[in-house]
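J.: let's see this in three dimensions:
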Amino acid sequence: MTGPPEGPAGIVTRLVAALVDAAVTGLITVGGYFAVVAALFAASPLSFRWPAAPPALAGGISAAVAIVYLTVCWATIGRSYGAALLGLRVLGRGRRLGWARAAARALFCVVLPIGLLWVIVSPHRRSLQDVVLRTTVVYDWRMDGGARVSEKDAV
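T.: Numbering: from 1, shown residues only. Predicted structure coming up:
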């Protein structure tokens, strides 16, 4: 499956991609936690105790990991791991997002994930994040990085 983008992505595909990305960020966060634990153990094995982060701190770290992950993915290749698995690409004005818009979209998606449900009622299959930030998510199986897309898919 190669070729130009095939149109805006639907709610089911986008939800599955978001769940995959949530799993990826969870694995990154847990991996980081175990790296910290290993460093603490290596520094002082005899007095080692498992560190317990307060829930608010753990949630904040998880959110920060998700924001950084999505920002880097969208700004560099236009898709996250979940989006790549499902053949999706995030675009702004027919091109990959710049760093500022990718960061704003990532923050918006992490803070207000329910905005994705706007895809259900939107005639153009755009989430609340897409409407506010003038982005779109399209089906695109190309592996060229999606540097430029046709004008008909521009937002």
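
J.: against residue 135, how distant is the closest residue in space to residue 118 that isn't next to it in sequence?
T.: The shortest distance from residue 118 to any non-neighbouring residue, by Cβ to Cβ, 6 or more residues apart in numbering, is to residue 128 (4.4 Å). Yep, even glycine has a C-beta here, placed from its N, CA and C like the rest. Residue 128 sits 11 Å away from residue 135, taking Cβ to Cβ, to the nearest Å as the criterion.

J.: more crowded one of those two?
T.: residue 135 (22 against 17; other Cβ atoms under 10 Å).

J.: and the more buried one, what is it in contact with?
T.: 90, 91, 92, 97, 101, 105, 126, 129, 155 (Cβ atoms under 8 Å, 6 or more residues apart in numbering).

J.: helix/strand/coil for the closest residue to residue 126 other than its chain neighbours?
T.: Among residues not flanking residue 126 along the chain, residue 136 sits closest, at 6.0 Å (Cβ to Cβ, 6+ apart). Three-state call for residue 136 (DSSP: H, G, I helix; E, B strand; the rest coil): strand.

J.: I'm done for today, thanks for sticking with me.
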